[in-house]
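# predicted model and sequence below, questions to follow.
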There are 4 protein chains.
Amino acid sequence: MPYRHTLPIQIRFSDVDRFGHVNNNAYFAYYDLGKQEYMRSVLGPDVFDGDIVPVVVNINVDFLAPVHYGDAVSVETSIVRLGNKSFTLDQRAVRTDTGQELCRCRTVMVCVRRDDGQSVPIPAPHRTKISAFEGMECG
Amino acid sequence: MPYRHTLPIQIRFSDVDRFGHVNNNAYFAYYDLGKQEYMRSVLGPDVFDGDIVPVVVNINVDFLAPVHYGDAVSVETSIVRLGNKSFTLDQRAVRTDTGQELCRCRTVMVCVRRDDGQSVPIPAPHRTKISAFEGMECG
Amino acid sequence: MPYRHTLPIQIRFSDVDRFGHVNNNAYFAYYDLGKQEYMRSVLGPDVFDGDIVPVVVNINVDFLAPVHYGDAVSVETSIVRLGNKSFTLDQRAVRTDTGQELCRCRTVMVCVRRDDGQSVPIPAPHRTKISAFEGMECG
Amino acid sequence: MPYRHTLPIQIRFSDVDRFGHVNNNAYFAYYDLGKQEYMRSVLGPDVFDGDIVPVVVNINVDFLAPVHYGDAVSVETSIVRLGNKSFTLDQRAVRTDTGQELCRCRTVMVCVRRDDGQSVPIPAPHRTKISAFEGMECG
C-alpha cells in the first residue's frame, strides 16, 4: 500500500538507549511528528485548535528491526479507514536510504467535543479532505 | 484479574502537554518502569545483562481517560501468557487514590540471543519464576 | 550548607544513554521535579496558577560524576538568594545511599506577570514563606 | 560574533509544556543536536567512539524569549575557546525566520580517557581542525 505522506525524522541523542539502539519509546514521538504534520497539511494548521479535536484511543505497534544512532529514518503516514466517529492511521518507520521497514503502527483516533469530551461524527470537511488526499471513496 | 505488581509513578513536568494532560507518549515510559521493576524483582536484577534477553515486539495500548499533572498514578503489571519463545504482559495505569483505570497496555516480548538476534525458548528458570509469581500452571 | 528539601528521583530507562550513564539532559528533569515540589510545598500548590509566576532565566550546572541506571538518586533544593524581582535556587543531585555529590545546579528565577510578561517584585507572601522555610533574614 | 555552524531543529509535540511554550528542558536536546552535528562534521564521525572523548562539565544557559509550537527554530554553534584540556562552545537558539535570539548556552567540555576517566590534553588533530574551522589562532 502506498503511503502518501513522508516525513524525515531528526533523531536525538537522548533517543538512544544503553544498547546503542533507538529506544522503543522514541518511535512514538516519531509517529506523533508524522501524525501532526499529516493532520496539519491535509486538514489545516488549526486542526487541533477547534471545538472538535481528534484524540488517540488505541495504538498498536510492531517493532521489526533495531535502529542505530546515525541511521536516517523517515515516517510514512496514511489514513486507511474513515468510520463515523473514528478513523485509523497506518504509519511505518523506514530507513530513508534502503526503505527497510523498521516499525509499524496503527492508531485509532476519535473526534471529540473539547468542552464535554463526548465523541461526535467526523466533521464533513475533514472527511472530504481525507478522502480526497487518500483517493478513498467518501463513505 | 488481579495484578500482582504495583509501582507508583513519579510524574514529570515534561510529561504534561499543552492541554494540561499527561501526554500519551509518557505512558510508555511509565509502563517501562513497571516492566523493568517487575522483571528485576521476579527474574533477578541481571535479567537484561545476560546472553538471552527479552525484547519487545508488539505494544497495544488503549487510552481510557486523561491524567492531569498532580494526579497520583500507579502502574500495575502481570504476565498473563507464557508461550514457547514469547510471553505477554498485561499492564494498566490507574489513579492511585480512586483506582480509576486510565490506560491499558498489552506487550508481547520475545526472548532473543543477544549475539545473533535469533529468538530462542524462554529459559526454564525464567519460566519457573514467572509461573510461581503469577500462580500459573508451568506449561 | 544544609539543603532543607530532599526528593528521591525515579530514574527512567529512557534517561540512560548509550554509555550506560544517566544522560546529562535527564538531570534537568530531576531538578525540575525538585523545584516543583519545593515550590508547591513551601509556596502552596497553586504557585504556578496565579497572575504572577516565577520563570527560569538562567541555569548553571556542574556535572561532577556519572550516574548509572539502578543507582538511587535524590535531589536537594534550597533557595539561597532573595532579590527584589528574582531569586536563586541551589540544587544538587546526590547518591541517596552514599551522599556522593553528582551534579550541582544554580537556577535564577524571575517573577513575571503572566498577561504581559513583565518582571515584578516577588510577592510579599512568597518572600515571607521562603524566608521562614530557609531561616533567612527577610530582606 | 558569527556562528559558523547552523542546524534547523525538528520540534516535537512532547517538547511543548502546558503553557504552550517549548519546555526549557527541550533546549538542552536542541543544543545536543547542534553539538553532535558540529563535532561530527568538524572532528569526524567517530569523535565519540575513540579512547579519548569530550565530556560536558558545565552548562550555563540564559533563557531570553519563549518559543511556541510551530515556530521554526535553529541552533547555532561555535567553539570560542581552546584550552589545554578543555574547550568552550557558544550556542544559541534563534527563530529561523526572524533571527530573534531565544536562548544562549555556554558549554565547557573536557577531554577524558574513556578507560580511567582522567582528563587529558585535547588531541592535536582535534585542535588543528577546530582552529581551522573557527579561524582561530592555533594555541
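Great, that's in hand. Numbers count the residues shown, from 1 in each chain, chains lettered A, B, ... in the order given.

# report how many residues lie close to residue A:115.
A count of neighbours around residue A:115, defined by other Cβ atoms under 10 Å in any protein chain shown, yields 8. Just so you know, the C-beta spots here come from the backbone N, C-alpha and C atoms, and that holds for glycine as well.

# mind listing what the residue lying closest to residue A:4 once chain neighbours are set aside touches?
The spatially closest residue to residue A:4, leaving aside those adjacent along the chain, is residue A:78, at 5.9 Å (Cβ to Cβ, 6 or more residues apart in numbering or on different chains). With contacts defined as Cβ atoms under 8 Å, 6 or more residues apart in numbering or on different chains, residue A:78 is in contact with A:1-5, A:89-91, A:134.

# now these: which count as buried?
Neighbour counting by 16 or more other Cβ atoms under 10 Å in any protein chain shown classes A:3, A:5, A:89-91, A:134 among the contacts of residue A:78 as buried.

# with pLDDT and secondary structure added, can I get those residues in JSON lines?
Compiled in JSON lines, the buried ones among the contacts of residue A:78 are given as follows (pLDDT from 0 to 100; DSSP: H, G, I helix; E, B strand; the rest coil):
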{"residue": "A:3", "pLDDT": "92", "secondary structure": "coil"}
{"residue": "A:5", "pLDDT": "95", "secondary structure": "strand"}
{"residue": "A:89", "pLDDT": "97", "secondary structure": "strand"}
{"residue": "A:90", "pLDDT": "97", "secondary structure": "strand"}
{"residue": "A:91", "pLDDT": "98", "secondary structure": "strand"}
{"residue": "A:134", "pLDDT": "94", "secondary structure": "helix"}
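
# tell me which two of those residues sit farthest apart.
Maximum pairwise distance among those (Cβ to Cβ): 13.5 Å, between A:91 and A:134.

# helix, strand or coil for the residue most central in space within chain A?
Against the mean C-alpha coordinate of chain A, by Cα atoms, centre = their mean, the closest residue is residue A:35 at 3.3 Å. Classification of residue A:35 using DSSP: H, G, I helix; E, B strand; the rest coil returns helix.

# repeat for the one 10 residues further on
Under the three-state scheme (three-state DSSP), residue A:45 adopts coil.

# what pLDDT does the model give it?
Residue A:45 carries a pLDDT value of 84.

# quick one: contacts for it?
Going by Cβ under 8 Å, 6+ apart, residue A:45 touches residue D:70.

# repeat for residue A:85
Shown in contact with residue A:85 (Cβ under 8 Å, 6+ apart): A:110-111, A:119-122.

# just give the nearest non-adjacent residue to residue A:41, would you?
Per Cβ to Cβ, 6+ apart, closest to residue A:41 is residue A:5, 7.3 Å.

# correction: residue A:53
residue A:114 (5.7 Å).

# ok, residue A:90 next?
residue A:80 (4.6 Å).

# one more: residue A:62?
Residue A:62's closest residue in space is residue A:104 (Cβ to Cβ, 6+ apart), at 4.6 Å.

# that neighbour and residue C:98, how far apart?
Separation of residue A:104 from residue C:98 (Cβ to Cβ, to the nearest Å): 45 Å.

# which one's more surrounded, those two?
residue A:104 (18 against 9).

# give me the buried positions along the one helix or strand the more buried one maps to.
Secondary structure assignment for residue A:104, by DSSP states H and E: strand A:101-113. Using 16+ other Cβ under 10 Å as the test for burial, strand A:101-113 gives A:102-112.

# just checking, what packs against that strand?
helix A:24-43, strand A:52-63, strand A:86-95 (3 or more Cβ pairs under 8 Å, 6 or more residues apart in numbering or on different chains; DSSP states H and E).

# again, 10 Å this time
helix A:24-43, strand A:52-63, strand A:73-82, strand A:86-95, strand B:52-63 (3 or more Cβ pairs under 10 Å, 6 or more residues apart in numbering or on different chains; DSSP states H and E).

# chain center to it, what's the gap?
The chain centroid and the centroid of strand A:101-113 are separated by 6 Å under Cα atoms, centre = their mean, to the nearest Å.

# just the C-alphas of that strand, formatted as CSV.
Taking C-alpha atoms only, strand A:101-113 is exported to CSV below (Å, rounded to 0.1, in the frame of the first residue of the first chain):
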residue,chain,number,x,y,z
GLU,A,101,10.7,-1.3,7.3
LEU,A,102,11.7,-0.8,11.0
CYS,A,103,8.4,-0.4,12.8
ARG,A,104,4.7,-0.4,12.0
CYS,A,105,1.9,1.5,13.9
ARG,A,106,-1.9,1.5,13.7
THR,A,107,-3.5,4.4,15.6
VAL,A,108,-7.3,4.8,16.1
MET,A,109,-8.4,8.3,16.7
VAL,A,110,-11.9,9.5,17.7
CYS,A,111,-13.3,13.0,17.2
VAL,A,112,-14.4,14.5,20.5
ARG,A,113,-16.0,17.8,21.6
